[in-house]
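> Any chance you could fold what I've pasted below:
(one chain, ligands or ions: 1)
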Amino acid sequence: MAFALPPLPYGHHELEPYVSADTLRFHYDRHHAGYVSNLNRLVAGTQWEGAGLDEVVVGAEGPIFNNAAQIWNHTFYWHSMSPDGGGTPSGPLGAAIVEAFGSIGGFRQRFADASVGLFGSGWTWLVADEGGLEIVQTANADLPLRHGRRALLVVDVWEHAYYLDYQNARATYVEAFLDHLVNWEFAARNFAVG
Ligand code: FE2
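All right, here's what the predicted structure looks like:
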């Protein structure tokens, strides 16, 4: 069974004005879809043909890992945003964030700083471990699952995520993500399964 491009959980226009339909047409229809077609081509005739995506992400190396991880990361990123996003986390997740970062504002500042301060291409994650919550940066295609860690939320800080809408103003994109797009319900569901 070939790897498939998971559906975008909203229409191309629904994140406007914070992420444009043009960005989603490139980012989802070309970049994300491209990782899927690359992976299907690369795994043909290898031990990874027919494997599950998580299995490939944990075990593969080189271009097979990179393309599989980018499929995983982008699917998780689409769900980390919502047309009804923004606001503040509540319930057990909200309490865990306050415990880990002092306040919701403290989390926001540290997540934004980590995203803006990440050199080159990568991702900023909120992860949950036994000891609590942590903000983690990964480079290129790397992701928490590869290191046995559980992701709750992610923002894509590759330039292709924001350049059409914000040019080089990564900080403005990350602010828009935190203020208007972040899907706390998705993060809370990921937190609850731990
Ligand atoms: Fe991306």
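> by contact count, what packs against the helix ranked longest in the chain?
Ranked by residue count and defined by DSSP state H, the top helix of the chain is helix 62-79. Here helix 62-79 touches helix 33-43, helix 53-59, strand 150-156, going by 3 or more CB pairs under 8 Å, 6 or more residues apart in numbering; DSSP states H and E. All C-beta atoms are positioned from the backbone trio N, CA, C, and that covers glycine.
> ok, which stretches of the protein are strands?
122-129, 132-139, 150-156 (DSSP state E).
> tell me what the second one is packed against?
Read that as strand 132-139. Using 3+ CB pairs under 8 Å, 6+ apart: strand 132-139 touches helix 91-101, helix 104-117, strand 122-129.
> Would you mind checking the average pLDDT for stretch 20-35?
On average, the pLDDT along stretch 20-35 is 98.
> hmm, back to that, could you look over the helices and strands packed on helix 62-79 and pick the most buried one?
Highest mean neighbour count of these: strand 150-156, a mean of 23 (counted as mean count of other CB atoms under 10 Å).
> list the contacts for the residue of the chain positioned farthest from its centre?
Distance from the C-alpha centroid of the chain, by CA atoms, centre = their mean, peaks at Gly45 (29.5 Å). Under the criterion of CB atoms under 8 Å, 6 or more residues apart in numbering, the contact list for Gly45 is empty.
> Model confidence at it, what's the number?
Listed pLDDT for Gly45 reads 96.
> gap between it and Ile64?
Remark: distance between Gly45 and Ile64 (CB to CB, to the nearest Å) = 12 Å.
> sorry, back to before: need the helices and strands packed on helix 62-79 in TSV with distance to Ser80, can you?
Compiled in TSV, the helices and strands packed on helix 62-79 are given as follows (distance: least, CB to CB, whole Å):
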stretch	distance to Ser80
helix 33-43	17
helix 53-59	17
strand 150-156	5
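> Ala96 is nearest to which of these?
Among the helices and strands packed on helix 62-79, the nearest to Ala96 by CB to CB is strand 150-156 (9.4 Å).
> on that earlier part again, can you check which of the helices and strands packed on helix 62-79 gets nearest to the ion?
Closest approach to the ion among these (CB to the ion): strand 150-156, 4.2 Å.
> Give me the below-cutoff pLDDT ranges for this structure.
Within the chain, the stretches with pLDDT under 70 are 1.
> coming back round to it: other residues contacting the longest helix of the chain?
Contacts for helix 62-79 (CB under 8 Å, 6+ apart): 3, 5-6, 8-10, 27-28, 31-32, 35-36, 38-39, 42-43, 46, 48, 53-54, 56-57, 60, 123, 140-143, 145-146, 151, 154-156, 161, 183, 186.
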